[in-house]
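Chemist: when you get a sec, could you give me coordinates for this:
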Amino acid sequence: MARYELLNNVAHKDLRVATGFGPRFGDDVGMVPAFPSEYAELQREYPIFFRKDGDGRWSSVALLGFEQRENLYLQDGRWNASYLPGAAAKGPFLIGFQEQRIDGELRQEPVIHVDLEHPRVNDVEGEPVFLPQGGNSPYLDHIAGILRGIRDGTTFGAAMFAAFDALGLIQPVQLAVALDERHRVDVSGLHSIDRDALAALDGPALERLNRAGYLEGAYLVLASLHNVKRLMAEKQRRLRAQDATLSDGRS
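Modeler: Numbering: from 1, shown residues only. Okay, the predicted model is just below:
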């Protein structure tokens, strides 16, 4: 169970964060949250889809595999992509809010919290969070930037998804793929931008999307879909390797 504390350089002066990858760190997941602030980077390597939660709220995800615990970007302790999604890169940290008095006014200011039960957290190996003198380490500064992007992307995304939905641009996608004669994948609950509906929008609707900064997001999501083929190829490669191992074991 997570145990979050407000990060500070006294109580957590020796805190380190392991930065490797693997199931022991919780990286064996089929998808991670994706934020509009990182779409430009994500779309080069990951398929981006939309999902709706039980309360009817839209979010976007980067697809990592075709099964719940399958991350096809993981191999031998490495994450095989040039860009690491913010949801994975942030590790044990998140942004919380603390009431602070600024210029005589009480405000909810963002502050960093750390999950002390996270498997990456320790005091022996990995990146130090604070410098010996108590200042922020370069790693923590990097994490702070990632968290700012997540915070901004979350706020921006909620409005963008609502705009897409209102225009009928979000439509379900049935991801059913035959990998070979014996293996088939079927991922449900995913949605994407309807290319025809987007092309059919009139000038004023397109202008509103463009002025709000949402039109680029729609095209980046569409551009990302070619990465499904990349995932399929990696899945097929692993299935062949698995079959070859089984064959060698029987011989």
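Chemist: lowest confidence element among the helices and strands of the protein?
Modeler: When each helix and strand of the chain is scored by mean pLDDT, DSSP states H and E, strand 93-102 comes last, with a mean of 77.
Chemist: can you name the next helix or strand after that strand?
Modeler: Per DSSP states H and E, the first helix or strand lying C-terminal to strand 93-102 is strand 105-115.
Chemist: quick one: buried residues of the helix or strand containing A241?
Modeler: A241 is part of helix 227-250 when elements are defined by DSSP H and E. Buried residues in helix 227-250, counted by 16 or more other Cβ atoms under 10 Å: N227, V228, L231, M232, K235. C-betas here are computed from N, CA, C, even on glycine.
Chemist: who does that helix touch, helix- and strand-wise?
Modeler: strand 58-63, strand 170-178 (3 or more Cβ pairs under 8 Å, 6 or more residues apart in numbering; DSSP states H and E).
Chemist: tell me the gap between it and the middle of its chain.
Modeler: Counting by Cα atoms, centre = their mean, to the nearest Å, helix 227-250 is centred 25 Å from the centre of its parent chain.
Chemist: just the C-alphas of it, formatted as CSV.
Modeler: Presented in CSV, the C-alpha positions along helix 227-250 are these (Å, rounded to 0.1, in the frame of the first residue of the first chain):
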residue,chain,number,x,y,z
ASN,A,227,3.0,2.2,-33.7
VAL,A,228,0.4,-0.6,-33.2
LYS,A,229,2.4,-2.3,-36.0
ARG,A,230,5.6,-1.9,-34.0
LEU,A,231,3.9,-3.6,-31.0
MET,A,232,2.6,-6.4,-33.2
ALA,A,233,6.1,-7.0,-34.7
GLU,A,234,7.6,-7.2,-31.2
LYS,A,235,4.9,-9.5,-30.0
GLN,A,236,5.4,-11.8,-33.0
ARG,A,237,9.2,-11.8,-32.4
ARG,A,238,8.7,-12.9,-28.7
LEU,A,239,6.2,-15.6,-29.7
ARG,A,240,8.7,-17.0,-32.2
ALA,A,241,11.5,-16.9,-29.6
GLN,A,242,9.1,-18.6,-27.1
ASP,A,243,8.2,-21.3,-29.6
ALA,A,244,11.9,-21.9,-30.4
THR,A,245,12.7,-22.3,-26.7
LEU,A,246,9.9,-24.8,-26.3
SER,A,247,11.0,-26.7,-29.4
ASP,A,248,14.6,-26.9,-28.1
GLY,A,249,13.4,-28.1,-24.8
ARG,A,250,11.5,-31.0,-26.4
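Chemist: contacts for that helix?
Modeler: Helix 227-250 has contacts (Cβ atoms under 8 Å, 6 or more residues apart in numbering) with 43, 45-47, 63-66, 72, 175, 177, 179-180, 183, 185.
Chemist: go with 6 Å
Modeler: Y46, P47, L72, L179, H183 (Cβ atoms under 6 Å, 6 or more residues apart in numbering).
Chemist: ok, now stretch 32-45?
Modeler: 48, 60-62, 81, 83, 85-88, 149-150, 152-153, 156-157, 160, 217, 220, 223-224.
Chemist: remind me which helix or strand G153 belongs to.
Modeler: Applying DSSP H and E, one finds G153 within helix 138-166.
Chemist: in that helix, what counts as buried?
Modeler: 139-140, 143-144, 146-147, 149-151, 153, 156-157, 160-161, 163-164.
Chemist: which strand residues bridge L6?
Modeler: H113 (DSSP bridges).
Chemist: mind checking how far it is from V124?
Modeler: Applying Cβ to Cβ, to the nearest Å, the value for L6 to V124 is 23 Å.
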